[in-house]
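*Asks:* below: sequence and its predicted model.
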Amino acid sequence: MPIGPPQRKPAGGESSTLRADPKCSILTAAVASDSTQAVHLDSTAFINGSRKSLFGLDAGLLAEVMKEMGQPAWRARQLADALYRQWIEELPLVSTLPLNLRDRLADEGWQVGRPKIAQVFRSADGTERYLVQGQGATDTVEAVWMPEGDDGEAGDGSEDENRPWRRATICVSSQVGCAVNCRFCLTAKLGLQRNLSAGEIAGQVIAVLARHAVEVGRDRLNLVFMGMGEPFLNYDNFMAAVRLLVNEAGLSPRRMTVSTSGIVPGIERFAQEPPEVRPKLAISLNAPNNAVRSDVMPINRKWPIEAVVDAVRGVKLRPRERITFEYVLLGGVTDRPEHAAEVARLVRRSGLPAKVNLIAWNPGPGIGYATPEPGTVEAFRQALIAAGVPAYLRKPRGRDIYAACGQLKRTVEG
Ligand code: SF4
């Protein structure tokens, strides 16, 4: 489906109509000067003017803040609950802390500092795309809320047929821009502007959870790190965000998926993560062989398919867990029957428990690929299935939300 011209951000407030295709993976942002600066506690805390952000600090770091104030460690637990379980946005509203402690924190320059949803674009089907402003940042990134998901989670063993009426997928970003330069991706055109901090990554999730009053642990929520950027090129902050979301916010890592373009050192680090805080892994494959992949994803020249698959073999999977291969179908380039046969061989030869998520490419300005016909996409999917490879088609949400690393991304600010 064609996409309209880039949208300028209105002066403020919500948009009640869909202004641009909300795509999970899309992102955005005009980067002006970045005045953020790390504080001493760790790289996730920022100074915004004179204010330091508590959001982004885990329970251990919050304990350090409390200790410096002569407070017992359990005050840190109260603070962590307020930030990550109650989603309180303003320090004066943290009623579990005594008033004089809240005042002292404020006097010493602390604020909650959670990233804020600056603008909302809403689709008729309930999909929402957000511009989220980070901690002390003047730029924004996008996150997407997809009620009822997009079927990308199908076949991963996490389906819950008893609660089909309460499921959603949130897609978040890990960087402003991206350095990977996939040829089919609009974000690539921005280049890498900066890494997001752990608080800025986790904050996108909490802001969206709060907006929709999600009941963590009850509602079926999938989280995909497939927005703007390559998470494994911002590895430490990405994983710190995952730990915040798992350990402090109570989200399940089994319902999280991170997509990588195939950054082998990142996959090798990921393989060392303990399963209790490790998301599932998706590889943005997008081509049937190295020759085509190096054309559409130049990163393949550094880490070809075999090296990526080798690294993935090092990830110890949980029972029933599968690796996902994301595959953007580019008309005439990666969508032919012989390509489907190659992909099936590649997946089978990998020996990995795997599935393939197919994504019909969506055109974007200045990118010279074609969208395959629906019949071609379905034929590709059936060819994979016939060859014994589970294959799913991400259904469009809003006006084409296909969510995956390897998707179009869209600049919405001029
Ligand atoms: S598809 Fe993902 S990894 Fe590739 S350039 Fe776009 S954001 Fe970066």
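*Replies:* Done, it's in.
*Asks:* drop to CA atoms for contacts and neighbour counts, all remaining ones
*Replies:* Will do.
*Asks:* and Gly266, how many residues sit next to it?
*Replies:* 17 (other C-alpha atoms under 10 Å).
*Asks:* typed the wrong thing, it's Arg218
*Replies:* Going by other C-alpha under 10 Å, the residues that sit close to Arg218 add up to 10.
*Asks:* before we move on, what SS does it have?
*Replies:* coil (DSSP: H, G, I helix; E, B strand; the rest coil).
*Asks:* got the contact list for it?
*Replies:* By C-alpha atoms under 8 Å, 6 or more residues apart in numbering, the contact set of Arg218 is empty.
*Asks:* is Val132 in a helix, a strand, or coil?
*Replies:* strand.
*Asks:* for the residue lying closest to it once chain neighbours are set aside, give its distance to Phe55.
*Replies:* Leaving aside its sequence neighbours, Val132 sits nearest to Ile117 (C-alpha to C-alpha, 6 or more residues apart in numbering; 4.4 Å). Distance, Ile117 to Phe55, using C-alpha to C-alpha, to the nearest Å: 15 Å.
*Asks:* who's more crowded, those two?
*Replies:* Phe55 (30 against 23).
*Asks:* wait, doesn't the more buried one sit right on Gly113?
*Replies:* Yes: here Phe55 lies in contact with Gly113, judged by C-alpha atoms under 8 Å, at a distance of 5.7 Å.
*Asks:* got the phi and psi for the residue nearest to Val132?
*Replies:* phi -80, psi 110 (degrees, to the nearest 10).
*Asks:* what's across from the nearest residue to Asp335 once chain neighbours are set aside in the sheet?
*Replies:* The spatial neighbour of Asp335 that comes closest, neighbours along the chain excluded (C-alpha to C-alpha, 6+ apart), is Leu329 at 5.3 Å. Legend: beta-bridge partners of Leu329 under DSSP bridges are Ala360.
*Asks:* OK, contacts around Leu329?
*Replies:* So Leu329 contacts 286, 335, 358-361, 371-372, 377 (C-alpha under 8 Å, 6+ apart).
*Asks:* one more pass at 7 Å, please.
*Replies:* 286, 335, 358-361, 372 (C-alpha atoms under 7 Å, 6 or more residues apart in numbering).
*Asks:* can you give me the distance of it to Thr371?
*Replies:* Distance from Leu329 to Thr371, by C-alpha to C-alpha: 7 Å.
*Asks:* residues contacting Glu248?
*Replies:* So Glu248 contacts 80, 84 (C-alpha under 7 Å, 6+ apart).
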